[in-house]
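J.: Give the three-dimensional model of this entry:
(chains A and B)
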Amino acid sequence: MSLNIIVLAKQVPDTRNVGKDAMKEDGTINRAALPAIFNPEDLNALEQALRLKDANPGSTVTMLTMGLPRAAEVIREAMYRGADGGIVLTDRVLGGADTLATSYSLAQAVKKFGKYDIILGGRQAIDGDTAQVGPQIAEKLHLPQVTYAEDILGIEDGKVIVKRRLEHGVETVKAPLPCVVTVNGSAPDCRPRNAQRLMKYKRAVSTSEKAHLDDNLKAFVDAHPYLNIDEWSAAYVEADPEQIGLPGSPTKVKAIENVVFTAKESRRLDNNDQEIENLIVELIANHTIGG
Amino acid sequence: MSQNNLIVYCEIEDGKIADVSLELLTKGRQLATKLGVELQAIVIGDKLNGVEEQVFPYGVDTLYKVEDSRLYPYTSNPHAAVLINLFKEIKPQICLMGATCIGRDLGPRVSSCLHSGLTADCTALEIGPHKDPKTGKEYTDLLYQIRPAFGGNIVATIVNPDCRPQMATVREGVMKKEVYDANHQGQVINLEAKDYVSDTDFVVEIIDRQIEKSKVNIKNSPIIVAGGYGVGSKENFDLLFDLAKVLGGEVGASRAAVDAGFIEHERQIGQTGVTVRPKLYIACGISGQIQHIAGMQDSSIIISINNDPNAPINTIADYVITGNMEDIVPKLIKYYKKNSK
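T.: Predicted coordinates for the structure are as follows:
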């Protein structure tokens, strides 16, 4: 059977590289100050989606991301790797959202798609590590959820069979479609960019990017509808203003502190046999080891 | 049934309540006492006979038991349905669960349905007042949900001023497990599963399940030999296993070593792994990312072995040996063997 597959992806600040201006005064993230990357586990989810597409001819993979307009970069990257297209849900009023307001907004966008069979996303995003948005979207859409997926084994009789990676083992489950599946980092890596697709989609632009193109390029994009990455607003997805952004977020950031550890007075030892033996003797004598 | 209490969702595997749940009961007991409310617990599963004996010593006042053969092993929708429907009745002010594969699957679903805030992976929980900076409205006795953010570079205090329950997940090992009173007795309330779950909630079917008893027990090991990216290879980790073996300890690792594939995730120490408090922590080739230090800083004695004399971890170490771990670890083994007999 052919499937309509939606992949949720997030453009995230690279938390391995955080500067001092990363937070705004209200405690929310100043995304503009950080390098932005494709959330790693969302790439694992994309790979699972592309495998499903390969195994089920006629399927489509559509990306959905919420964020700043520049998040269109994530959609383009996914197109180079095999996705058919995507939507950027972007609107100032969506900013400052916690996981609940985020999942509500994304669920509203999913509803706008109308027809879908499976929604995939990474287990969690590296900027928050919460793993909450996937299950919350499932709940908002009244769909079953399968989290910690490591491999989608196949589709049988309208049900998806998924291997899950848990703390102390694995579990294989069967869930009826449509459902939400969140994919673990232990799942196979995403395939790289495909050269032909790169040529085909390199001019793909979002609505706001298109506005800055010269007339020739604009005409080119208009002549090739697959190059359009649509932007959806909160109003377009009929989001209730009370449930989005900061006002729609039950959790509030009360305080932010930089992490400082109390330094100890360390004893510096030379790497020679005598000093190391003395250390061992001392640790045995004070019953730290050998007890 | 009384309302406005603190409730802990207790995980159960093979009839045994998970350690993380007992750790949360310990923390929950302190918070409930501070708030002057009951500590409640809920266990959902099959064959729950006598399970109260495992939780009452931790100070549980009321235990809800929901028993049905279909409720074990855990699946998302049925357990979520129980909590959602029960919480509508008992309106807890706080709900805590483990930041495990179960808690992180269940918590978001419940919080979404009840429109209550949820904070993942808290490293501290406290009770305190709050004043909304915009409206000026004052709140008392809110749950401060304290968690690292941004790869551990900052710590954020999160509050849910208006929505209930205030929900938080906490990783295993972050809170200490301590018996409150071995003779403490609470009440058991048996709930009928059919009043809380409908047949249509059982949509996801488990067709195979292979859970192994955890082979690794770094959390409770008094001695930990931990390796970082600087260890360099899987083979060099064997040296750490040798040292751990002679000292009677366990091997741990930093996230960088796990990400590099040197060692399994189960041994990861830090904010995204386990938190440990051993008597002796030997850090080999670990530079000391904040997220790692947060998971081991309470170790009694820390030895850092690193090529870099300025590795950040050295600032919290009691002993610093600058040099190659391939060179130093065998010496530690040699002199331990020589002096311990």
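
J.: okay but A:Arg164 is in contact with A:Thr172, surely?
T.: Yes. The pair A:Arg164 and A:Thr172 passes the contact test of CB atoms under 8 Å, sitting 7.3 Å apart. Every residue, glycine included, has its C-beta placed from N, CA and C.

J.: Identify the residues contacting the lowest-mean-pLDDT helix or strand in chain B?
T.: In chain B, the helix or strand scored least confidently by mean pLDDT, DSSP states H and E is helix B:290-293, which has a mean of 86. Contact partners of helix B:290-293, identified using CB atoms under 8 Å, 6 or more residues apart in numbering or on different chains, comprise A:259, A:261, B:148, B:151-153, B:228, B:254-255, B:269-272, B:286, B:312-313, B:316.

J.: Which phi and psi values does B:Gly270 adopt?
T.: Backbone dihedrals for B:Gly270, given as degrees, to the nearest 10, come out at phi 140, psi -170.

J.: and A:Asn80, what is it in contact with?
T.: For residue A:80 the amino acid is Tyr, not Asn. A:Arg193, A:Asn194, A:Arg197, A:Leu198, A:Tyr201, A:Lys202.

J.: Let me know the closest of those to chain B.
T.: Set against chain B, the nearest of the contacts of A:Tyr80 by CB to the nearest CB is A:Arg193 (22.7 Å).

J.: residues in contact with the residue in the stretch 201-341 of chain B that chain A sits nearest to?
T.: With CB to the nearest CB, the shortest gap between the stretch 201-341 of chain B and chain A falls at B:Gly323, namely 3.3 Å. By CB under 8 Å, 6+ apart, B:Gly323 lies in contact with A:Asn271, B:Ile305, B:Asn307.

J.: Filter those residues down to the buried ones, PyMOL style.
T.: In PyMOL, this line selects whichever of the contacts of B:Gly323 come out buried by 16 or more other CB atoms under 10 Å in any protein chain shown:
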select buried, chain B and resi 305
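
J.: least confident pick among the contacts of B:Gly323?
T.: Lowest-confidence member of the contacts of B:Gly323: A:Asn271, scoring 88 (pLDDT).

J.: Now do it against B:His130, distance only.
T.: As judged by CB to CB, to the nearest Å, A:Asn271 and B:His130 stand 52 Å apart.

J.: Just the pLDDT for the residue of the stretch 201-341 of chain B closest to chain A.
T.: So B:Gly323 comes in at 94 (pLDDT).

J.: Name the residues that touch the lengthiest helix in chain B?
T.: Criterion DSSP state H: the longest helix present in chain B is helix B:19-35. Applying CB under 8 Å, 6+ apart, the contact partners of helix B:19-35 are B:5-11, B:38-39, B:41, B:54-55, B:58-61, B:93-94, B:96-100, B:103, B:125, B:127, B:141, B:143, B:170-178, B:180, B:219.

J.: out of these, who's near chain A?
T.: Subset of those in contact with chain A: B:Thr100, counting by CB under 8 Å from any CB of the partner chain.

J.: Just the buried ones from the contacts of helix B:19-35, in PyMOL syntax?
T.: This is the PyMOL syntax for the buried subset of these, where burial follows 16+ other CB under 10 Å:
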select buried, chain B and resi 5+6+7+8+9+10+11+38+39+41+54+55+58+59+60+61+93+94+96+97+98+99+100+103+125+143+170+171+172+173+174+175+177+180+219
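
J.: Helices - which of the contacts of helix B:19-35 land there?
T.: B:Gln54, B:Val55, B:Gly103.

J.: can I assume the second one is in contact with B:Cys10?
T.: Yes. Assessed by CB under 8 Å, B:Val55 is found in contact with B:Cys10 at 6.5 Å.

J.: Next, show the common contact partners of these two.
T.: B:Ile17, B:Leu25, B:Ala41, B:Val43.

J.: Check those against B:Ser111 and report the nearest one.
T.: B:Ala41 (18.8 Å; CB to CB).

J.: confidence score at that closest one?
T.: Looking at B:Ala41, the pLDDT reads 98.

J.: Specify the beta-bridge partners of it.
T.: Taking DSSP bridges as the rule, B:Ala41 bridges to B:Val8, B:Leu63.

J.: Wait, it touches B:Val8, no?
T.: Yes. With contact defined as CB under 8 Å, B:Ala41 counts as touching B:Val8 (5.0 Å).

J.: in the longest helix of chain B, what's buried?
T.: Under 16+ other CB under 10 Å, the buried positions of helix B:19-35 are B:20-32, B:35.

J.: And the helices in chain A?
T.: Going by DSSP H, chain A shows helices at A:40-55, A:72-81, A:99-113, A:133-140, A:195-201, A:207-210, A:215-223, A:273-285.

J.: so can I have TSV of the shared contacts of B:Val55 and B:Cys10 showing distance to B:Cys113?
T.: Formatted as TSV, the shared contacts of B:Val55 and B:Cys10 follow (distance: CB to CB, whole Å):
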residue	distance to B:Cys113
B:Ile17	25
B:Leu25	24
B:Ala41	21
B:Val43	21
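
J.: from those residues, which is closest to chain A?
T.: Among these, B:Ile17 lies closest to chain A (CB to the nearest CB), at 15.4 Å.

J.: Contacts only, for the residue nearest to the closest one when sequence neighbours are not counted.
T.: Setting aside the residues directly before and after it, B:Ile17 is nearest to B:Gln54 in space (CB to CB, 6 or more residues apart in numbering or on different chains), at 4.7 Å. Listed by CB under 8 Å, 6+ apart, the contact set of B:Gln54 reads B:Lys16, B:Ile17, B:Leu22.

J.: Burial check on the second one, number of neighbours?
T.: Residues near B:Ile17, counting by other CB atoms under 10 Å in any protein chain shown, number 18.

J.: thought it was touching B:Pro57?
T.: No. B:Ile17 is not in contact with B:Pro57 according to CB under 8 Å; the separation is 10.9 Å.

J.: and of the ones in helices among the contacts of helix B:19-35, the nearest to chain A?
T.: B:Gly103 (9.9 Å).

J.: Help me confirm that the closest one comes into contact with B:Cys10.
T.: No. Between B:Gly103 and B:Cys10 there is no contact under CB under 8 Å: 10.4 Å.

J.: Could you list the low-pLDDT ranges of chain A?
T.: Where chain A drops to pLDDT under 70, the residues are A:16-32, A:260, A:291.

J.: List the residues that contact the residue lying closest to B:Met325 once chain neighbours are set aside.
T.: Using CB to CB, 6+ apart and skipping the chain neighbours, the partner closest in space to B:Met325 is B:Cys284 (4.3 Å). B:Cys284 is in contact with B:Val225, B:Ala226, B:Gly227, B:Gly228, B:Gly230, B:Val231, B:Leu240, B:Ile305, B:Asn306, B:Met325, B:Val329, counting by CB under 8 Å, 6+ apart.
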